[in-house]
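> here is my input, please return the structure:
(chains A and B)
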Amino acid sequence: MANIVIDRIRKSFGTFEALKEVSLTINDGEFVSLLGPSGCGKTTLLRIIAGLETSTSGDVLIGGKSVTGLPPKERGLAMVFQNYAVFPHMTVYENVAFGLRMQKAEDARVKAQVEKAAGLLHIEQYLDRYPNKLSGGQRQRVAVARALAVEPKVLLMDEPLSNLDALLRLEMRTELKTVLQSAGTTTIYVTHDQTEAMGLSDRIAVMHNGVVEQVGTPVDVYNYPATRFVGGFIGNPPMNFIKVPVTNGQVAAGSEPLMAPKETGDEVILGLRGEAVQLAPLQLGLEMKVRVAEPMGSHLLLTGSIHDQPVRVILPSSETVRSGDVIGLKLDPNRITWLSPESGKSFPAAMAR
Amino acid sequence: MSAQTTSKASPAGFVSSSRWLLWSGIAALCAWVMVPIYLVALGALGGRQGVYQWPKTGLPTGISLDPFILFLKTEGVLQSFLNSLGAAGITVALSILLGAPAGYALARYNFHGKDGYRLLVLLTRAFPLAILALPLTVSFIRLGLYDTIIGVGLIHTVLALPFAALVTQGIFMGVPRELEEAAWVFGCTRAQAFFKIVAPLALPGIVATAVFAFVISWNEVFAASVLTVRNRTLTAYLLTVLSESPMHYRFAGGLMLILPSVIFIFAVRRYLFAIWGISSK
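Take a look at the predicted model:
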């Protein structure tokens, strides 16, 4: 059992608050991503869990045991670093074996474990080479193999794919998922790349300015963002935010008015995923002025405005819309996120559906 | 036809001219170092006639080791040579043992007064030895360090230590911190991580620092002259003796000053270069 409980962690660097009371629970065997733009505190949080950084206050529990104050080596975890941190003066074999050697494992066990990890990551043929003879992708594999060879209870990964080119990243992502699924290790994965987080994770914790804005499955985070930031950060194109007037608890949208949440005042922000719309006759739908229409092959990307506010929507490529057209859009009420204009938070009704 | 040959020859010509440049550069650099040493050696080994012979041939005629051995047998030469080695050894050992940890702390930790400390380290070189000579002599006599090799070694350490600390700081900064953190995560204590990961990678730079400390001590003459009477280092001994010696003795002394540094650097040369792709900045 190696669940991780992050309990009200704070971290300040001088007057700058990098983490403002972050709490998060990660279940045994779960893959959780910390996702956010650079400077949001995700790497700081990971380093606190690893014991490479001390928190200003708060506690971290691994497997029910507080590890605050313990050095990294006594926390029973392994880590993959952003720049791989493969030891340049050791062969690949010795790199992968490093953790086991430090545990004073017998030679037979070291050999078996190294070969197993190397097999998983397809680096058997490089075992007697030095890292400076390897490409970035191969070094990356060595770093992951080194982490898996010790069979850690907890695996921490700090943007492990960010230094690879796009094609290799895609390939490594698939392989990581295969390898980690079979290992069943509790994993925390730090990334700023939403597709990585969406594709790999059981759950995503979206961070912004030292705060966890939302924790949820990739689908929930995508469909029901808790805050305006989450909606804008996740998804490509990002969620559209349209400020609309509310009259008698309703928002006018063509022939069928939408029911606004009860808590709203005179105005509400309508959060709309670009693909959650259908083309409708002009009078029956919400009016959109199309500025640019881009046929992308798989879909049609429209950039324009609704209520004079910029929006991007996606239609099936079978529709014919041209730049300059004015079209009507029918919205799916179940896929609308209502947000408070004051706080930027979504109304909980959205989550209930 | 000529156009054809030039167009054919031009890539090869480029390669060969760059190769020519490379080799002539190497030859010039070698000559820069080797010719003076050669001339000194010629003077030292050629005996009395060789030194005063004119015009000089530049060729090793009448060479024998006898004049040099005679010089070595002169009273005090061998002892002062050993004294110099001892003082340099103390300097190298102390400036690495004290300077490298200081450099490591400067490279890895943020502490109050870090910049001030760095400045203070350099300020030890701000006071000319000439000013310090008298008080130093007095306190060395009181401490019982006067006229000892340990005393000279200590003073030379003071001269070499600022550079050792600042140079090793740069070296340790060149070893990525992530490597050390990875070692911690995979089961190392701080000390283990230092000796297993940081030290091997910093070795070329540390050896370079050692060479530097050695040369500083080996060449230093003022403090060594002031602080010793009988236990002179080679430089101090030669300074007092050579002005009254025949010419070929002076050359022999010069050769003896040059050789150990050259041999020492030659011995550690492989550590001076980057071995695993991490340069010693």
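
> enumerate the residues of the stretch 51-200 of chain B near chain A.
Contact residues (CB under 8 Å from any CB of the partner chain) of the stretch 51-200 of chain B with chain A: B:176, B:178-179, B:181-189, B:192, B:197, B:200. (Glycine included, C-beta is placed from N, CA and C.)

> any idea how far chain A is from the residue most central in space within chain B?
Nearest residue to the geometric centre of chain B (CA atoms, centre = their mean): B:V215, 2.8 Å. For B:V215, the distance to chain A (CB to the nearest CB, to the nearest Å) stands at 27 Å.

> that residue - nearest residue in space that isn't next to it in sequence?
Nearest residue to B:V215, sequence neighbours excluded (CB to CB, 6 or more residues apart in numbering or on different chains): B:S261, at 5.7 Å.

> which of the helices or strands spans that neighbour?
According to DSSP states H and E, B:S261 maps onto helix B:247-267.

> in chain B, which residue sits nearest chain A?
Nearest residue of chain B to chain A, counting by CB to the nearest CB: B:G187, 3.1 Å away.

> in a helix, that residue, correct?
No - according to DSSP: H, G, I helix; E, B strand; the rest coil, B:G187 belongs to no helix; its state is coil.

> I'd say it and A:A97 touch.
No - using CB atoms under 8 Å, B:G187 makes no contact with A:A97, being 11.6 Å away.

> need the contact list for the residue of chain B closest to chain A.
Going by CB atoms under 8 Å, 6 or more residues apart in numbering or on different chains, B:G187 touches A:K73, A:F98, A:G99, A:M102, A:Q103.

> repeat that for 7 Å
With contact set as CB atoms under 7 Å, 6 or more residues apart in numbering or on different chains, B:G187 has these partners: A:K73, A:G99, A:M102, A:Q103.

> what separation do you get for it and B:F195?
Using CB to CB, to the nearest Å, B:G187 is found at 14 Å from B:F195.

> what of A:Q82?
25 Å.

> cool, and A:F31?
Taking CB to CB, one finds A:F31 at 36 Å from B:F195.

> those two: which is more packed in?
Set A:F31 next to B:F195 and count neighbours by other CB atoms under 10 Å in any protein chain shown: A:F31 wins out with 23 against 13.

> hmm, the more buried one is touching A:S201, no?
Yes - here A:F31 reaches A:S201: they are 5.3 Å apart, a contact under CB atoms under 7 Å.

> is the next helix or strand after the helix holding B:S261 positioned near chain A?
Going down the chain from helix B:247-267, the next helix or strand is helix B:269-272, by DSSP H and E. No - shown here: helix B:269-272 not in contact with chain A (CB under 7 Å from any CB of the partner chain), separated by at least 12.8 Å.

> what helix or strand does B:V92 sit in?
Using DSSP H and E, B:V92 maps to helix B:77-108.

> mind listing what's buried in that helix?
B:77, B:80-81, B:83-88, B:90-92, B:94-96, B:99-100, B:102-104, B:106-108 (16 or more other CB atoms under 10 Å in any protein chain shown).

> how about stretch A:254-272?
Going by neighbour count (16+ other CB under 10 Å), the buried part of stretch A:254-272 is A:G254, A:L258, A:A260, A:P261, A:T264, A:V268, A:I269, A:L270, A:G271, A:L272.

> how about stretch A:104-122?
Judged by neighbour count using 16+ other CB under 10 Å, the buried positions of stretch A:104-122 are A:A105, A:V110, A:Q113, A:V114, A:A117, A:A118, A:L120, A:L121.

> among the contacts of B:G187, name the buried ones.
Among the contacts of B:G187, the ones that count as buried by 16+ other CB under 10 Å are A:K73, A:G99, A:M102.

> need the contact list for A:N27.
Counting by CB under 7 Å, 6+ apart, A:N27 makes contact with A:N3.

> look up the pLDDT of it for me, please.
On the pLDDT scale, A:N27 is placed at 94.

> can you name the residues that contact residue 100?
If you meant another chain, say so; for now it's chain A. By CB under 7 Å, 6+ apart, A:L100 lies in contact with A:R109, A:V110, A:Q113, A:A149, A:V150.

> should've been chain B
B:A100 neighbours (CB under 7 Å, 6+ apart): B:T168, B:I206.

> sorry, back to before: from the contacts of B:G187, which is closest to chain B?
For the contacts of B:G187, the nearest to chain B is A:M102 (3.1 Å; CB to the nearest CB).

> from what I can see the closest one touches B:W184, true?
No - using CB under 7 Å, A:M102 makes no contact with B:W184, being 10.2 Å away.
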